[in-house]
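Novice: Whatever this is, show me its structure:
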Amino acid sequence: MTNPAEHSRTDSLTAPPPQCPAHSAGGAARLYGTEAEDDPYGLYERLRAEHGPVAPVLLHGDLPAWLILGYRENLDVTRTPSRFSRDSRLWRAMQEGKLTPEHPLAPISTWQPVCVFADGPQHERWRGAVNDSIARFDKRGIRRHVTQCANQLVDRFCASGRAELVHQFAEHLPMMAMTQLLGMPEEYSPRLVNAARDMIKGTETAVASNEYVQEILRKLVARKHAQPGADFTTWLIEHPSGLSDDEVQQHLRLVLIAAFETTANLIANTLKMVLTDVRFRASLAGGHMTLPDAVEQVLWDEPPFITILGRWATQDTELGGQQIKAGDALVLGLAAANMDTVVRPDLDVPIHGNRAHLAFSGGAHECPGQDVGRAIAGTGIDALLLRLPDLTLAVEESELEYRSSLMSRHLTSLPVKFTAHQAPLPELMMGPGPDSSSHTTSPVHPMAAPAPSTQVPAAVSTSWWRSFRNWLRRW
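Specialist: Numbering: from 1, shown residues only. Prediction:
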């Protein structure tokens, strides 16, 4: 007969540990659903008031996690991989089989052979290949290509006098730029925009979207073995670290998705700030704020990623007054940390050029391509405002709406109006430059209408946009 005491002891070894009281009995807020999607910033402040810098939360499927709200606590987590690892295989929910392949969070949390899921020497190997390949980008070449892409997009709506800048500009420009940098055919861009955003949302179709992206990248790696070029994919394949094809493919996915989402949101949020924030417009027109200052202000106030899943505790530890157990999931609260009064006692005071925000995370896993994203955003906005100098918001600011998910919060639309005009010929759009006499470009838009009069509208000379553009071109 089985000894009851022995049976109880065996069960204690195999049964999962009891859920933290803070996560049960209604003690944890959901990072999905109505409240999180309608007003994530309000939710963060409520949780901060109730729990302090670290709050118990529930992810999709009511999986328990900890949301890191404090600035110092976020830095602590990102800088101590010995306690808080990026290896998702440590996640208790993963070990217990609760995160199935069909789970909405599977595409962004299932362990993969990429630098964001590794620490130590393995992370250094993978991250080194990414850093070295990004460093080979020609920044001037990026700006020329982004200008060309931006002009193509403006060509599509400039004759109507109205546009919706989220779907017609901010979302498409980063993907057009990234497909070129990765060496992909441009025709993939439109569908990749939808798939990339769907993956970040963690929707029911996120798994299918991930499969589509993976198949495209698998074909790209095979193509670049046969036809190498001066692009990010080829450089990863040829890197001395000797990445396998699967490692190359997964890093391409990582870079493509992260660069798209962050840059699309950065463009949209910066344009919204320019069009609606009186203080910003006055400062910029008066010469007190440069565009880099303005972008950093946006990265403080409305970071492209509002949270990042995640880190996983390697041991029982304490953080922000909470008892964290080994295997617990942690969610970096980037937006909440940027609003922490520890670093920003007065949220209404503009921050000029300060890059101490956590918009791109921190520590060893800080985003390696953030300067490329800044270049794409700045160059694209410059090209847009040069073409449409009298751009104004077409609705009341109060009518603008956002859509939020676990990791991202973005404008659903940004309707604008401007003086309608026909698309100019390619040579007029490119303008004179130091290498214009020797550099030949293909037509920016094969279907461009005949060039309009070269006379500049009078509004340009008096508009505050001129000051904006002058500062912008100093980026």
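
Novice: Just give the number of residues close to Thr290.
Specialist: By the criterion of other C-beta atoms under 10 Å, Thr290 has 18 neighbours. In short, each C-beta sits where N, CA and C put it, glycine included.

Novice: Model confidence score at it, please.
Specialist: Here the pLDDT value assigned to Thr290 is 70.

Novice: How about Asp301?
Specialist: pLDDT for Asp301: 94.

Novice: contacting residues around the residue lying closest to it once chain neighbours are set aside?
Specialist: Spatial nearest neighbour of Asp301, excluding adjacent residues (C-beta to C-beta, 6 or more residues apart in numbering): Asn338 at 7.3 Å. The contact partners of Asn338, taken as C-beta atoms under 8 Å, 6 or more residues apart in numbering, are Tyr71, Leu299, Trp300, Asp301, Pro303, Arg344, His357, Leu358, Ala359.

Novice: what's the fourth one sitting at in phi/psi?
Specialist: Right, Asp301. Asp301 has phi and psi values of phi -80, psi -40 when expressed as degrees, to the nearest 10.

Novice: again with the fifth one
Specialist: Dihedral angles of Pro303 (phi, psi; degrees, to the nearest 10) stand at phi -60, psi 150.

Novice: any idea how far the closest residue to Val54 other than its chain neighbours lies from Leu69?
Specialist: Using C-beta to C-beta, 6+ apart and skipping the chain neighbours, the partner closest in space to Val54 is Gly320 (3.4 Å). Going from Gly320 to Leu69 by C-beta to C-beta, to the nearest Å gives 8 Å.

Novice: What of Thr392?
Specialist: Thr392 is 37 Å from Leu69, by C-beta to C-beta.

Novice: So for the two, which sits in the more crowded spot?
Specialist: Neighbours per residue, other C-beta under 10 Å: of Thr392 and Leu69, the larger number sits with Leu69, 25 against 10.

Novice: what about the closest residue in space to that one that isn't next to it in sequence, which SS state?
Specialist: Spatial nearest neighbour of Leu69, chain neighbours left out: Ala336 (4.3 Å); criterion: C-beta to C-beta, 6+ apart. Recorded secondary structure, Ala336: helix (DSSP: H, G, I helix; E, B strand; the rest coil).

Novice: quick one: contacts for Ala336?
Specialist: So Ala336 contacts Tyr41, Tyr44, Glu45, Arg48, Leu67, Ile68, Leu69, Gly70, Ile306 (C-beta under 8 Å, 6+ apart).

Novice: gap between the two ends of stretch 174-188?
Specialist: Start-to-end span of stretch 174-188 (C-alpha to C-alpha, to the nearest Å) is 13 Å.

Novice: who touches it?
Specialist: By C-beta under 8 Å, 6+ apart, the list of residues contacting stretch 174-188 reads 137, 142, 145-146, 149, 152-153, 189-190, 192-193, 196, 216, 220, 224, 229, 231-234, 252, 255-256, 259-260, 263-264, 267, 372-373, 376.

Novice: Could I get the buried residue list for that stretch?
Specialist: Within stretch 174-188, the residues that count as buried by 16 or more other C-beta atoms under 10 Å are Pro174, Met175, Met176, Ala177, Met178, Thr179, Gln180, Leu181, Leu182, Gly183, Met184, Tyr188.

Novice: Could you point out the longest helix of the protein?
Specialist: helix 245-276 (DSSP state H).

Novice: pLDDT weak spots in this protein?
Specialist: In the predicted model of the chain, residues 1-22, 24-27, 200-203, 279-289, 425-475 satisfy pLDDT under 70.

Novice: Let me see the domain layout of it.
Specialist: Following automatic domain parsing, one finds the domains of the chain at 18-118+306-358, 121-291+367-420+462-475.

Novice: chain center to the longest one, what's the gap?
Specialist: When you say that, I think you mean domain 121-291+367-420+462-475. The chain centre lies 9 Å from the centre of domain 121-291+367-420+462-475; the measure is C-alpha atoms, centre = their mean, to the nearest Å.

Novice: Buried among the contacts of stretch 174-188? Make that a PyMOL selection.
Specialist: Remark: buried members of those, expressed as a PyMOL selection using 16+ other C-beta under 10 Å:
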select buried, resi 137+142+145+146+149+152+153+189+192+193+196+216+220+224+231+232+233+234+252+255+256+259+260+263+264+267+372+373+376
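
Novice: Run through the residues that contact Gly161.
Specialist: Lys417, Phe418, Thr419, Ala420.

Novice: Now for the first one, how many residues are close by?
Specialist: What that stands for is Lys417. If we define neighbours as other C-beta under 10 Å, then Lys417 has 16 of them.

Novice: give me the beta-bridge partners of it?
Specialist: Lys417 has these beta-bridge partners by DSSP bridges: Arg162, Thr392.

Novice: shouldn't it be in contact with Leu388?
Specialist: No: assessed by C-beta atoms under 8 Å, Lys417 is found out of contact with Leu388, at 9.5 Å.
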